[in-house]
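Visitor: What shape does this take:
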Amino acid sequence: MMPAKPSERVDAVEGRPGVENHTLTLETKLAGYVVSFVEFPENITDPALIKEMLDRGRDGGIAGSGGELSSEKEIKLSGYSGREWGMKLPGGLVATARAYWVKRRLYQTVFVISPNASDTPELIKTRQEAATKFLDSFTLSDSVSK
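Guide: The predicted model follows:
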């Protein structure tokens, strides 16, 4: 549930011929919104490998943004393994990200804000509500989850 139409990019994944990262992004005055997915050639069901893929997704996101991990927890979506983490980003930005491994795809959603000491309680609450609404709006279609 992005509040407007996002821009879309498709980039090759380094070291993985034929594998592409699809990214939708939107920046508003309130926040930045990101949804991405990478489809891999193999269907991974081994919990240890899924954990490794989620770790790589998290580490790649943090390294790519120059960020620093501030929190992390395991989550699930329709029975699929996932991870949520918080990041401190350069320029005083703060992000909450979620990633899910679904069969052959790694999905990620990210909500980015630029907090300020002068932010009003109303603005802080509005951002928290927007983050929850956006991150919780990510669902799997029946064709993906089966």
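
Visitor: Can you tell me the centre-most residue of this structure?
Guide: Thr109 (2.5 Å; C-alpha atoms, centre = their mean).

Visitor: For the helix ranked longest in the chain, which residues meet the burial criterion?
Guide: Ranked by residue count under DSSP state H, the longest helix found in the chain is helix 47-65. Using 16 or more other C-beta atoms under 10 Å as the burial criterion, the residues of helix 47-65 that qualify are 50, 53-54, 57-58, 60-62, 65. Bear in mind the C-beta positions are built from the backbone N, C-alpha and C, glycine included.

Visitor: and if you look at stretch 127-144?
Guide: 127, 130-131, 134-135, 140.

Visitor: among those, which one has the lowest pLDDT?
Guide: Among the buried residues of stretch 127-144, Leu140 carries the weakest pLDDT, at 89.

Visitor: Okay, the residue lying farthest from the centre of the chain and Glu74: tell me how far apart.
Guide: Here the chain reaches farthest from its C-alpha mean at Ser118, the gap being 27.4 Å by C-alpha atoms, centre = their mean. Ser118 sits 35 Å away from Glu74, going by C-beta to C-beta, to the nearest Å.

Visitor: do the same with Ala63
Guide: Distance from Ala63 to Glu74, counting by C-beta to C-beta: 21 Å.

Visitor: Ala4 too?
Guide: Distance, Ala4 to Glu74, by C-beta to C-beta: 31 Å.

Visitor: Over to Val94?
Guide: On the measure of C-beta to C-beta, Val94 and Glu74 end up 21 Å apart.

Visitor: If you count surrounding residues, which of those two has more?
Guide: Each of Val94 and Glu74 has its neighbours counted (other C-beta atoms under 10 Å); Val94 has more, 16 against 10.
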